[in-house]
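1. fold the stuff below for me.
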Amino acid sequence: MIDVLSDAWIVSALAGLVGLMIGSFLNVCTLRWPEDESVVFPGSHCPKCGKPIRWYDNVPVLGYILLLARCRACREPISLQYPLVELATGLVWAGMFSYAGLSFEALRGALLLTILFGIALTDARFYIIPDQFSLGGLVLGLGLAFLPGGIGALDALIGAVVGFGLLESVAVLGKWMFKKDAMGGGDIKMMAMVGAFLGWEGVLLTVFMGALLGSVIFGPISYKTKKLVPFGIFLAAGAAVTYGFGADIIDWYWTNMLHLPPPQ
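-> So this is what the prediction gives:
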């Protein structure tokens with residue numbers, strides 16, 4: 001008999017199915033939270049005609065395919081965002097549990113990456129980072145730090161304080177220098193959440209990576225169009241890179257740039 005808990009492929013597949021369902025809920029959150037709407041009431045419905053979506057049409061990815069990307073009631077096209085977000089979230093969860101196995105760290109990583117994905121989506125579309133992601137993620141990160149394999153409660157708390165304090169300092173200094181808001185409140189609260197998951201070193205690397213990515217990718221666009229930079233997108237990308245490769249990046253920096261042994 002196959003031991004479900006020890007079979008990596010089965011664990012990964014089950015995690016992927018959970019991720020698909022979470023991705024379906026993430027779609028709702030990213031569209032309703034920025035508008036201060038409930039994610040419970042009303043239930044899932046077509047944004048064009050308002051008709052409720054039947055449960056069997058709401059199956060992640062599969063429902064979109066079977067409906068041929070059109071609402072059953074009004075036949076209006078269904079946004080490709082829905083299956084793509086579901087599929088991406090499913091892959092994140094499957095990948096994390098494939099990499100870390102059936103562990104608390106796999107759960108912690110999957111939740112962090114899901115929250116970062118949600119933040120990137122809402123900031124890209126609405127220029128808003130909902131408190132449900134940032135403050136809710138902060139509480140979640142601090143709580144998960146107590147579990148085996150986490151960064152530890154003290155490091156999580158220090159990381160949250162550093163994340164909030166660093167971005168708040170940038171906001172205050174920027175407003176004093178440029179006489180206008182230089183940093184959104186959502187970004188500040190988001191970095192407190194990132195610190196709770198990644199610690200203070202992760203905060204510093206995330207801010208550096210976010211600033212670098214934002215400058216290279218969105219800087220030229222912002223210069224020409226004068227549009228505001230949705231910094232949360234790049235902070236989210238920076239945090240994801242930091243979570244996956246932060247330790248290697250820090251070790252490389254100490255070894256090749258400072259010519260010192262990596263910190264233990």
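2. what ranges of the stretch 101-250 of the chain fall below the confidence cut-off?
-> Flagging of the stretch 101-250 of the chain using pLDDT under 70 yields the residue ranges 178-182, 219, 221-227.
3. rerun that using 80 as the cut-off
-> Counting by pLDDT under 80, the stretch 101-250 of the chain shows low-confidence ranges at 174-184, 217-229.
4. for this protein, longest helix please?
-> The longest helix of the chain (DSSP state H) is helix 185-213.
5. now what about stretch 8-22, what contacts it?
-> Stretch 8-22 is contacted from outside by 2, 4-5, 60-61, 86-87, 89-98, 101-102, 106, 110, 114, using C-beta atoms under 8 Å, 6 or more residues apart in numbering. To be clear about C-beta, it is placed using only N, CA and C from the backbone, and glycine gets the same treatment.
6. buried ones among those residues?
-> 60-61, 86-87, 89-90, 92-98, 102, 106, 110, 114 (16 or more other C-beta atoms under 10 Å).
7. tabulate the CA atom coordinates of the helix or strand containing Thr89 in CSV.
-> Per DSSP states H and E, Thr89 falls inside helix 81-100. Written as CSV, here are the backbone C-alpha positions of helix 81-100 (Å, rounded to 0.1, in the frame of the first residue of the first chain):
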residue,chain,number,x,y,z
GLN,A,81,-7.1,36.2,-15.4
TYR,A,82,-9.3,33.6,-13.6
PRO,A,83,-7.7,30.4,-14.8
LEU,A,84,-4.3,31.9,-15.0
VAL,A,85,-4.3,32.9,-11.3
GLU,A,86,-5.8,29.6,-10.3
LEU,A,87,-3.1,27.7,-12.3
ALA,A,88,-0.3,29.8,-11.1
THR,A,89,-1.3,29.4,-7.5
GLY,A,90,-1.7,25.7,-7.9
LEU,A,91,1.8,25.5,-9.4
VAL,A,92,3.2,27.5,-6.5
TRP,A,93,1.7,25.1,-3.9
ALA,A,94,2.7,22.0,-5.8
GLY,A,95,6.2,23.3,-6.3
MET,A,96,6.7,24.3,-2.6
PHE,A,97,5.5,20.9,-1.3
SER,A,98,7.6,19.1,-4.0
TYR,A,99,10.7,21.1,-2.9
ALA,A,100,10.2,21.1,0.9
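8. tell me which other helices or strands it touches.
-> Contact partners of helix 81-100 among helices and strands, from 3 or more C-beta pairs under 8 Å, 6 or more residues apart in numbering; DSSP states H and E: helix 8-32, helix 62-66, helix 104-126.
9. next, the angle from it to helix 8-32.
-> 140 degrees (axes from the mean of the first three to the mean of the last three C-alpha atoms, to 10 degrees).
10. distance between helix 81-100 and the chain's centre?
-> Remark: helix 81-100 is offset 12 Å from the chain centroid, using C-alpha atoms, centre = their mean, to the nearest Å.
11. who touches it?
-> 8, 11-20, 22-24, 26-27, 30, 60-61, 64-65, 106-107, 109-110, 113-114, 117, 121.
12. please apply the same query to stretch 194-201.
-> Contacts for stretch 194-201 (C-beta under 8 Å, 6+ apart): 108, 112, 137-138, 140-142, 144-145, 151, 155-164, 202-203, 206, 235, 239, 242-243, 246, 250.
13. from the middle of its chain, how far away would that stretch be?
-> For stretch 194-201, the distance to the chain centre is 14 Å (C-alpha atoms, centre = their mean).
14. just to revisit the earlier point, of the contacts of stretch 194-201, select the buried ones using a ChimeraX command.
-> Restricted to buried positions by 16+ other C-beta under 10 Å, the ChimeraX selection for those reads:
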select :108,112,137,138,140,141,142,144,145,151,155,156,157,158,159,160,162,163,164,202,203,206,235,239,242,243,246,250
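15. what mean pLDDT does stretch 77-90 have?
-> Mean per-residue pLDDT for stretch 77-90: 97.
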